[in-house]
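>>> The following block contains a protein sequence and its predicted model.
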Amino acid sequence: MSYEYIKIGSEEKAFIAKVEEISGQNVYSCYQCGKCSAGCAFSYKMDKTVNQFIHLIQLGQKERTLDANTHWICASCFTCTVRCPREIDVAALMEAVREISLRENPEKVRIADLPKESLEKLPNIALVSNFRKKTG
Amino acid sequence: MVQYSYFPGCNLKTNAKGFEKSALAVSKQLDAELVEMPNWNCCGTVHTLVSDNLMKRIAPTRILSRSSKHVEMLENSPKEVVTLCSMCNSTLKVVNKDIKNDESKLEPINFQLEFDEEEYKKDMEVKHFLEILRDSVGYEKIEKNVKKPLKGLKVFCYYGCMLLHPDEAKIDDEEMPAVLEDLSESLGAEIIFSPLFKYCCGSYHIVDQEDIVNTQVQKIIQSAKQSGANAVVVACPLCAYNLDAQQKLMEKQGQDKELLPIFYFTQLMAIAMGEPININHFEEHHINPKKLLKKLKLI
């Protein structure tokens, strides 16, 4: 176990405020019970589990938050949102981080790089929702 | 006879044709006819969770406004727009509640809608067809219309996320839903319970992270099989596609030989209620459900 000194300065505070503004949630409502991570269907794919991810936001760690894959693995199924005992819309927090990332780099998925066959065979709802979530 | 303003959404016209056609046919039999609304547009499939972007709320609001006008032209129609796709269901419901509760959001959206000569007056409710079947038609009436009970069909009712989440959009209890089970039971099918009834299938990750969807589908199908199911019933065209296509892929890779056919709930209704088999468009499924139906002597 290692410890690290984290200073919550103006940059950190700005990041927290941005996430709260976009999501409309209070990130400090989270008391780290871990129910979101326990119920998440994708926890096994995430390098930071959902509650760890929220902890990073609470500490204003923008770079580490954006470097995690958590918000890109989240499929907005809202299981965490409906179960959160603090009534945080966790999925909205994920969306806020996606948005912050996409407002800087709008192409998480490059549509031009997708093979033509998959564009032809995939259902429209898959394509539309993917592009809504992964392009700015 | 009641007519409903029906919003199809894009997928019902492309790779879920059987879903739409079977639903239209059974809705007529049950005197709760679905009539397609004119001039509809894509709802956006996912509602935005962002508080500072109204743009993504315009398309659903336009649909609500147009449907409201459509209702006036129908017979005994309540102020409701009915969807079949569960993603449309949740998108429309969430946006509807959002703008009904917040005048400051509706006003600029209505200003935009002036270009389409539309104005939303907060007068519509959004309903999923399953809610209509449960609350307005009733299972008794469905049972009376069953000509061929689905004997031998052991269905696992897979809800996916968007029928039960988020709170604003849910059509039943989010942890213990019963609507698909009750419906299947009234058609004479046997219900198989699996704990993964709302375990996300991976949804839109199919476009760029297929491996996620593959793992999810494997878990869902394995659990259903262990519980003894021989078919899966769904309400979402994306769940249907993922479960169907990924199983076929697993078969090709030699991982799995025994595949569970995927049915939309309306297809089961159409079979039980004696509608012609071709309206189900089974040829578009990756796993052919006809094999199982023939084995059980249902067709």
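Alright, I've got the coordinates.

>>> Enumerate the residues of the stretch 151-299 of chain B near chain A.
B:161, B:164-167, B:170, B:174, B:198-200, B:202-209, B:212, B:216, B:237-238, B:241 (Cβ under 8 Å from any Cβ of the partner chain). For glycine as for every other residue, the C-beta is placed from the backbone atoms N, C-alpha and C.

>>> of the residues you listed, buried ones?
Those of those that meet the buried threshold are B:161, B:164-166, B:170, B:174, B:198-200, B:202-209, B:212, B:216, B:237-238, B:241, by 16 or more other Cβ atoms under 10 Å in any protein chain shown.

>>> Tell me which of those fall in helices.
Per DSSP state H, helices hold the following members of those: B:212, B:216, B:237-238, B:241.

>>> Show me where chain A has its strands.
Shown for chain A, no strands are assigned by DSSP state E.

>>> how about low-confidence regions in it?
A:1 (pLDDT under 70).

>>> So which residues on it come close to chain B?
Residues of chain A lying near chain B (Cβ under 8 Å from any Cβ): A:21-24, A:41-42, A:45, A:73, A:75-79, A:81-82, A:89, A:91-92, A:94-96, A:99, A:109, A:114, A:118, A:122-130, A:132-134.

>>> Which PyMOL command selects the buried ones in these?
What follows is the PyMOL syntax for the buried subset of those, where burial is set by 16+ other Cβ under 10 Å:
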select buried, chain A and resi 22+23+41+42+45+73+75+76+77+78+79+81+82+89+91+92+94+95+96+99+109+114+122+123+124+125+126+127+128+129+130+132+133+134
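
>>> Could you tell me the per-residue confidence at B:Phe7?
Here, the pLDDT recorded for B:Phe7 equals 98.

>>> so where do the helices sit in the chain?
As the question left the chain open, I've gone with chain A. Counting by DSSP H, the helices of chain A are A:10-23, A:35-39, A:50-58, A:62-67, A:70-73, A:79-83, A:90-104, A:116-121, A:124-134.

>>> Can you look at chain B instead?
B:17-29, B:58-72, B:86-101, B:103-113, B:129-131, B:139-145, B:179-186, B:210-226, B:237-252, B:265-272, B:290-295.

>>> Could you save the ones you listed as CSV and add columns showing distance to B:Phe282 and mean pLDDT?
Putting the helices of chain B into CSV (distance: least, Cβ to Cβ, whole Å; pLDDT from 0 to 100) gives the following:
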stretch, distance to B:Phe282, mean pLDDT
helix B:17-29, 7, 97
helix B:58-72, 30, 97
helix B:86-101, 21, 96
helix B:103-113, 40, 95
helix B:129-131, 20, 98
helix B:139-145, 21, 97
helix B:179-186, 18, 97
helix B:210-226, 19, 97
helix B:237-252, 11, 96
helix B:265-272, 8, 98
helix B:290-295, 6, 97
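
>>> so of these, which one's packed in deepest?
Of all the helices of chain B, helix B:265-272 has the most neighbours on average by mean count of other Cβ atoms under 10 Å in any protein chain shown, namely a mean of 26.

>>> chain center to it, what's the gap?
13 Å (Cα atoms, centre = their mean, to the nearest Å).

>>> Show me what from the stretch 1-150 of chain B comes close to chain A.
B:9-11, B:14-16, B:42, B:44-46, B:48-52, B:56, B:85, B:87.

>>> Generate a ChimeraX selection restricted to the buried subset of those residues.
Under the burial definition 16+ other Cβ under 10 Å, those of those that qualify are selected in ChimeraX by:
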select /B:9,10,11,15,16,42,44,45,46,48,49,50,51,56,85,87
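
>>> pretty sure A:Asn51 is touching A:Cys30, no?
Yes: counting by Cβ atoms under 8 Å, A:Asn51 does reach A:Cys30; the two are 7.2 Å apart.

>>> where does the closest residue to B:Cys239 other than its chain neighbours land on pLDDT?
The shortest distance from B:Cys239 to any non-neighbouring residue, by Cβ to Cβ, 6 or more residues apart in numbering or on different chains, is to B:Gly160 (4.2 Å). Predicted confidence (pLDDT) for B:Gly160: 96.

>>> My read is that B:Gly160 contacts B:Pro237, right?
No: B:Gly160 is not in contact with B:Pro237 according to Cβ under 8 Å; the separation is 10.2 Å.

>>> Contacts only, for A:Ala75.
A:41-42, B:161, B:200, B:202-205, B:212 (Cβ atoms under 8 Å, 6 or more residues apart in numbering or on different chains).

>>> Domain boundaries for chain A, per the record?
Using automatic domain parsing, the domain ranges for chain A come out as A:10-105, A:109-136.

>>> repeat for chain B
B:2-130, B:146-295.

>>> okay if I get those domains as JSON lines plus distance to A:Phe15?
Converted to JSON lines, these look like this (distance: least, Cβ to Cβ, whole Å):
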{"stretch": "domain B:2-130", "distance to A:Phe15": "16"}
{"stretch": "domain B:146-295", "distance to A:Phe15": "25"}
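
>>> Quick one: neighbours of the residue nearest to B:Cys239, just the number.
Using other Cβ atoms under 10 Å in any protein chain shown, B:Gly160 has 25 other residues around it.

>>> Roughly how far does it sit from B:Gly274?
Noted for B:Gly160: a distance of 28 Å to B:Gly274, by Cβ to Cβ, to the nearest Å.

>>> again with A:Ile57
Counting by Cβ to Cβ, the gap from A:Ile57 to B:Gly274 is 56 Å.

>>> If anything else comes up later, I'll come back, but that's it for now.
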